[in-house]
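Trainee: Build the 3D model from these lines:
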Amino acid sequence: MRKILASFIVLLICSPILAQHSLQKIWESDSITLKGPESATYDPVSNIIYISSMNNGAIVQMDLNGKIIKPDWVTGLTSNKGLGFYKGFLYNAETNSVAVIDMSKGTIVKRILIEGAVMLNDLEVDSKGIVYVSDTRAGKVYRIENDKSSIYLENIPGANGLMAVGSDLYVVGSSTFQKVNAEKEITKIGDGYENGLDGIVQLSKDEFILSNYRGMIYYVSARGDKQVLLDTRGIRIMANDISYNKKSKTLYVPSFSTNRIIAYTVN
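Mentor: Below is the predicted model of the structure:
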């Protein structure tokens, strides 16, 4: 009986349903340089955070302490949002195209037009260099290979956050979270979230964090169990397209409404 009881206690302690997570604020950037930061993406190669400063059509470089390195690293973008890296190039989603940036020069080398796109949003590049970009208003996800785009997924209301893990693509809709494998078989992880889901990062194989642009951060397990880590709706601090530094366990949260990036340690 004691062995059974001990095993039950261990099971409860280890259960992802009961495991509690929290965010501890580390810093927040100033609100002067950034204009509508929609995406803050950490690059582990350069140890720099790249930010889509959407309201002035620029990409801003920031260090890991929230200090601006270069406010106008790339300019001339239109409604730029999601960012992704691949072999020295940075891909940035605009309204209906993807800008390709040579990171060594900080210049736009070309644009890939997505025919029929309405409002491109998040962007992800997988390990093979294939680009995926969501169209939030059209409820679609496009796939770009060799500079040619095609519709990859449809009928995802509010399609937004994307994350490639191996051959799987995790997709966040306005209130849904699902995994799509290479055969396009869909596994629902969770739904019923408040409308406005935005970004996604992976903490570990079976753990994720989702953001809701209205001002919410969720911890989610692969089984769909969720915990609200942060709710700043009442003070109108948004939580847009997030990224995560696994080495330091730091979550970078852009707040479009307050022109800031806020960093948290994930406990």
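Trainee: From the contact counts, what lies against the helix or strand hosting Ile217?
Mentor: Assigning secondary structure by DSSP states H and E places Ile217 in strand 216-221. If you count contacts as 3 or more Cβ pairs under 8 Å, 6 or more residues apart in numbering; DSSP states H and E, strand 216-221 packs onto strand 207-212, strand 226-231. C-beta: built from backbone N, CA, C; applies to glycine.
Trainee: export the last one as PDB, just CAs?
Mentor: The C-alpha coordinates for strand 226-231 follow below in PDB (Å, rounded to 0.1, in the frame of the first residue of the first chain):
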ATOM      1  CA  LYS A 226      -3.000  25.200 -20.300                       C
ATOM      2  CA  GLN A 227      -2.100  27.800 -17.700                       C
ATOM      3  CA  VAL A 228      -2.300  31.600 -17.900                       C
ATOM      4  CA  LEU A 229       1.100  33.000 -17.100                       C
ATOM      5  CA  LEU A 230       0.400  36.600 -17.700                       C
ATOM      6  CA  ASP A 231      -2.700  38.800 -18.300                       C
END
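Trainee: That one to strand 216-221, inter-axis angle?
Mentor: Relative orientation of strand 226-231 versus strand 216-221 (axes from the mean of the first three to the mean of the last three Cα atoms, to 10 degrees): 150 degrees.
Trainee: so after strand 226-231, what's the next helix or strand?
Mentor: According to DSSP H and E, the helix or strand after strand 226-231 is strand 243-245.
Trainee: Okay, now the sheet partners of that next one, with direction.
Mentor: strand 250-255 (antiparallel) (DSSP bridges).
Trainee: who touches the strand it pairs with?
Mentor: With contacts defined as Cβ atoms under 8 Å, 6 or more residues apart in numbering, strand 250-255 is touched by 23, 26, 34, 37-42, 49, 51, 64, 201, 209, 211, 217, 237-245, 260-266.
Trainee: Check which element follows it along the chain.
Mentor: For strand 250-255, the following helix or strand on the C-terminal side (DSSP H and E) is strand 260-266.
Trainee: For that following strand, enumerate the helices and strands it packs against.
Mentor: So strand 260-266, by 3+ Cβ pairs under 8 Å, 6+ apart, packs with strand 23-28, strand 37-43, strand 250-255.
Trainee: how far off strand 207-212 does that strand point, in degrees?
Mentor: 150 degrees.
Trainee: Can you list the buried residues in the helix or strand hosting Met163?
Mentor: In this assignment (DSSP H and E), Met163 forms part of strand 162-165. For strand 162-165, the buried set under the neighbour-count rule, 16 or more other Cβ atoms under 10 Å, comprises 162-164.
Trainee: For Tyr170, see how far away Leu153 is.
Mentor: 12 Å (Cβ to Cβ, to the nearest Å).
Trainee: any shared contact partners between these two?
Mentor: With Cβ under 8 Å, 6+ apart, Leu153 and Tyr170 have common neighbours Val180.
Trainee: and the nearest residue to Tyr252 once chain neighbours are set aside, what is it in contact with?
Mentor: Leaving aside its chain neighbours, Tyr252 sits nearest to Ala40 (4.5 Å; criterion: Cβ to Cβ, 6 or more residues apart in numbering). Shown in contact with Ala40 (Cβ under 8 Å, 6+ apart): 49-52, 62, 240-243, 252-254, 261.
Trainee: now, among these, which is nearest to Asp72?
Mentor: Nearest to Asp72 among the contacts of Ala40 is Ile51, at 11.7 Å by Cβ to Cβ.
Trainee: Report the secondary structure state of that closest one.
Mentor: strand (DSSP: H, G, I helix; E, B strand; the rest coil).
Trainee: how much space between it and Phe177?
Mentor: Taking Cβ to Cβ, one finds Ile51 at 24 Å from Phe177.
Trainee: If you count surrounding residues, which of these two has more?
Mentor: Ile51 (29 against 23; other Cβ atoms under 10 Å).
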